[in-house]
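1. This is a predicted model, with the sequence first.
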Amino acid sequence: MDGENAYLAIVLPRAATAADCQTVAAFNRFFPPGDVYARAEEGKVVICLKQLDFRRLEEFAAARPDELAQEIFRRISDIKSYNIRGGKRIYANYGAERKVRQRKLKEEKRDKVFYARGHNFAPENNAVPPAYANRIICGDSLKILQALPDNCVDLIFTSPPYNFGLEYAEQDDDHYWQDYFDKLFAVFDQCIRVLKFGGRIAVNVQPLFSDYIPTHHLLSNYFLGKKLLWKGEILWEKNNYNCKYTAWGSWKSPASPYLKYTWEFIEIFCKGSLKKVGAKENADITAEEFKNWVTAKWSIAPEHKMQAYGHPAVFPEELARRIIKLFSFRGDFVLDPFNGTGTTTAVAQRLGRKFLGIDIAEKYCEIARARLAGSGEGED
Ligand SMILES: C[S@@+](CC[C@H](N)C(=O)[O-])C[C@H]1O[C@@H](n2cnc3c(N)ncnc32)[C@H](O)[C@@H]1O
């Protein structure tokens, strides 16, 4: 048998009863020890997995209906990352043969993040003036943001008006596209200016598919043109399968099939550096959250309180919670320049971040303030 490092270890916390020990022994008789073996220890059963004929595992689970055998089957079936060789699933070390040699050298040769070369973002950061901390301000963010100093915000999380023709309280939402983008990018110019060196901006967008406007790409092009660094893209899977199948006249024809999307995008960019400075003790994301959330497809149901809030495009708190915990430290300053009913600011407050929320509609700002007043409980 190889050293344990050559195996993928699956730990099943259990009392490791006599019945468990029998299952472990049966398991070890059933499979070649060089492929997979099990160990019963105090308070746990450990499966060391290198490779496996999956049909044999099915046979094992069918032959032994006891709880441990079924749990082993479930846990191994859940692992979706493996290679296949000689009819066996390979679970450990299969990436080794694809390993890139001299990775650093090759990165340098390719010129990593070449599009951001020559940026001249100043590395010195500033504090947000107290008059703007932990506030909801009603007004045009283009104007309000001009009062903030350069380099003072750690994280911007926002969802701009989409220009879909939605019924907002104060704003038309059906502008000539070029005017819409000109105004949006003017606000984002200010956002970039106020972001700290190492700060992040995460923008939730949904393209208008029916107008064939790829808002997420246009927006990403804008940020790259400003020499921000692309941190990544999150797919927010809303699972809303009620969108239409086709435009009339193109059903079941290649003439012009209408593609359906059940998700939205979150585009994330960094100013100056991909790495953010922060004290380790102020990282409040748990290991489990980190593991789940760095897989950049998030399945989260849409917000169900939109009618109650009287706002047509509220995002769910869970979305804000994940973005804020994954991309900022406790005590950081979070800004939402299109704050609507204040989802970002309510969650930021609850998570011990400082915040500023701006929205042009007083009606939404009032809701945002009310949410702050009532949002001290119920969160970690
Ligand atoms: C998609 S909504 C944001 C909703 C918010 N994420 C929430 O959870 O409630 C966009 C918001 O931008 C606001 N808005 C539009 N133009 C603005 C501007 N120039 N300055 C500030 N807010 C603006 C609208 O009133 C609207 O509430």
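-> Happy to help now that I have it. Residues are numbered from 1 along each chain as shown.
2. which residue does the stretch 1-150 of the chain bring closest to the ligand?
-> As assessed by Cβ to the nearest ligand atom, the ligand sits closest to Ser141 within the stretch 1-150 of the chain, at 3.8 Å. The C-beta positions use only the backbone N, C-alpha and C, and glycine is treated the same way.
3. got a list of what Asp140 touches?
-> Contacts for Asp140 (Cβ atoms under 8 Å, 6 or more residues apart in numbering) come out as Ile360.
4. Quick check: pLDDT value at it.
-> With respect to pLDDT, Asp140 scores 97.
5. in what helix or strand does whichever residue of the stretch 201-350 of the chain sits closest to the ligand lie?
-> The nearest approach of the stretch 201-350 of the chain to the ligand comes at Gly340, 2.6 Å away (Cβ to the nearest ligand atom). Per DSSP states H and E: Gly340 is located in neither a helix nor a strand.
6. tell me the strands in this protein, going along the chain?
-> Per DSSP state E, the chain carries strands over the ranges 8-13, 36-41, 44-49, 51-52, 83-85, 88-90, 135-138, 153-158, 195-205, 229-237, 263-270, 297-299, 333-336, 354-359.
7. what are the pairing partners of the last one, and which direction each?
-> Looking at strand 354-359 with DSSP bridges, its paired strands and their directions are strand 135-138 (parallel), strand 333-336 (parallel).
8. Could you dump those strands into TSV and include mean neighbour count?
-> Shown next, in TSV, are the strands paired with strand 354-359 (neighbours: other Cβ atoms under 10 Å):
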stretch	mean neighbour count
strand 135-138	19
strand 333-336	26
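9. export those strands to CSV and tack on distance to the ligand?
-> Putting these into CSV (distance: least, Cβ to the nearest ligand atom, whole Å) gives the following:
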stretch, distance to the ligand
strand 135-138, 9
strand 333-336, 7
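10. out of these, which comes closest to Trp230?
-> Among the strands paired with strand 354-359, the nearest to Trp230 by Cβ to Cβ is strand 333-336 (20.1 Å).
11. So which residues make contact with that closest one?
-> By Cβ under 8 Å, 6+ apart, strand 333-336 touches 128, 133, 152-158, 191, 194, 324, 328, 342, 344-345, 348, 353-358.
12. From those, list the ones also adjacent to the ligand.
-> Applying Cβ under 6 Å from any ligand atom to these, one finds that Ile358 fall near the ligand.
13. Could you break this protein into its assigned domains?
-> As given by automatic domain parsing, the domain ranges for the chain are 4-98, 124-373.
14. out of the ones you listed, deepest packed?
-> The highest mean neighbour count among the domains of the chain, using mean count of other Cβ atoms under 10 Å, belongs to domain 124-373: a mean of 17.
15. Quote the end-to-end distance of that domain.
-> Its first and final residues considered, domain 124-373 spans 34 Å by Cα to Cα, to the nearest Å.
16. Show me which residues of the stretch 251-380 of the chain sit near the ligand.
-> 311, 313-315, 338, 340-341, 343, 358-361, 364.
17. between the strands of the chain, which gets nearest to Ala147?
-> strand 135-138 (9.5 Å).
18. what separates that closest one from the chain centre, distance-wise?
-> Centroid separation between strand 135-138 and its chain, computed with Cα atoms, centre = their mean, to the nearest Å, is 26 Å.
19. do stretch 181-192 as well
-> That offset, for stretch 181-192, works out to 23 Å (Cα atoms, centre = their mean).
20. before we move on, what about stretch 337-357?
-> Its chain's C-alpha centre and that of stretch 337-357 lie 17 Å apart, by Cα atoms, centre = their mean.
21. repeat for stretch 156-163
-> 16 Å.
22. which stretches of the stretch 1-150 of the chain form helices?
-> Assigned by DSSP state H, counting those that start in this stretch, the helices in the stretch 1-150 of the chain fall at 18-30, 54-63, 67-78, 103-110, 141-144.
23. pLDDT (mean, whole number) over stretch 103-120?
-> Average pLDDT, stretch 103-120: 90.
24. ignore the last one, stretch 47-60
-> The average pLDDT within stretch 47-60 is 95.
25. Pull it out as PDB, backbone CA atoms only.
-> Written as PDB, here are the backbone C-alpha positions of stretch 47-60 (Å, rounded to 0.1, in the frame of the first residue of the first chain):
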ATOM      1  CA  ILE A  47     -12.200   5.700   4.300                       C
ATOM      2  CA  CYS A  48      -8.900   6.000   2.400                       C
ATOM      3  CA  LEU A  49      -9.800   6.100  -1.300                       C
ATOM      4  CA  LYS A  50      -7.400   6.000  -4.200                       C
ATOM      5  CA  GLN A  51      -9.400   4.300  -7.000                       C
ATOM      6  CA  LEU A  52     -12.500   2.200  -7.200                       C
ATOM      7  CA  ASP A  53     -14.500   0.100  -9.500                       C
ATOM      8  CA  PHE A  54     -17.800   1.900  -8.900                       C
ATOM      9  CA  ARG A  55     -19.900  -1.200  -9.900                       C
ATOM     10  CA  ARG A  56     -18.200  -3.100  -7.000                       C
ATOM     11  CA  LEU A  57     -19.200  -0.300  -4.700                       C
ATOM     12  CA  GLU A  58     -22.800  -0.600  -5.800                       C
ATOM     13  CA  GLU A  59     -22.600  -4.400  -5.200                       C
ATOM     14  CA  PHE A  60     -21.200  -3.800  -1.800                       C
END
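26. No more questions from me, cheers.
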